[in-house]
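**Student:** Sequence isn't available, so here's the structure alone:
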């Protein structure tokens, strides 16, 4: 399968613990996005990378959240000192861009998501 | 930043009924518009997209959407729904990143 893959698919943790999610995008895609989705809501933008550069971060991304994409391929999203309000599905998506830096199509390809449950 | 509004939270239809889901966006510039679908237990998938040209775009599974620039709308339609169309539908607008509406849950009764 050459789609976007995310790991783990489901994580249950106790409040106060740290968790890390990994996303492997489609190999030729240089843009990678993180979204958060809660029940009954649409995906909320968290952050995105173009290659290894983090270009935008949402205000939703508090200091406890950090994302990296060190080599411009896979990305990690870490949540420190988890809170019950962090319980959600964390979605990763990737896309390709043109040479101007703007996406040729804007179409995002999503992974299955990583569901976080904070007890 | 652009935002997206979907008017219907939950729509319930019988099979063969016609469907129209509303979507409005707030952005004055050139945008790319999308509808994504999320079937139960599955990941988000692209249904259709609009970049330019013919404002009436056709997607997979008989869906279509019409871009009306003057109304900032991109409503999704299907003339005759099937039970298998039961899913969550998300409208999205792309400028430099993708922003989604809250979604509309469609339930089709057999």
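**Tutor:** Received it, and whenever you're ready, just let me know what you need. Owing to the predicted nature of the structure, the values given are computational and were not obtained by experimental measurement.

**Student:** Please count neighbours and contacts with C-alpha atoms only from this point.
**Tutor:** Fine.

**Student:** which residues does the residue of chain A found nearest chain B contact?
**Tutor:** For chain A, the residue closest to chain B is residue A:42, as judged by CA to the nearest CA, at 4.1 Å. Residues in contact with residue A:42 (CA atoms under 8 Å, 6 or more residues apart in numbering or on different chains) are B:90, B:100, B:101, B:102, B:103.

**Student:** which two in these are spaced the farthest apart?
**Tutor:** The two members of the contacts of residue A:42 with the most space between them (CA to CA) are B:100 and B:103, at 7.8 Å.

**Student:** quick one: low-confidence parts of the chain?
**Tutor:** Defaulting to chain A. Using pLDDT under 70 as the threshold, the predicted model of chain A has low-confidence ranges A:1-2, A:98-106.

**Student:** Correction: the question concerned chain B.
**Tutor:** Of all residues in chain B, those with pLDDT under 70 make up the ranges B:1, B:28.

**Student:** Kindly report the residues of it close to chain A.
**Tutor:** Within chain B, the positions lying close to chain A (CA under 8 Å from any CA of the partner chain) are B:32, B:42-46, B:51, B:90, B:94-103.

**Student:** Of those, just the buried ones, ChimeraX syntax please.
**Tutor:** What follows is the ChimeraX syntax selecting those of those that are buried according to 16 or more other CA atoms under 10 Å in any protein chain shown:
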select /B:32,44,45,46,51,90,94,95,97,98,99,100,101,102,103
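
**Student:** Once you drop chain neighbours, what's closest to the most centrally placed residue in chain A?
**Tutor:** Nearest to the mean C-alpha position of chain A, by CA atoms, centre = their mean, lies residue A:34 at 2.7 Å. Among residues not flanking residue A:34 along the chain, residue A:92 sits closest, at 4.7 Å (CA to CA, 6 or more residues apart in numbering or on different chains).
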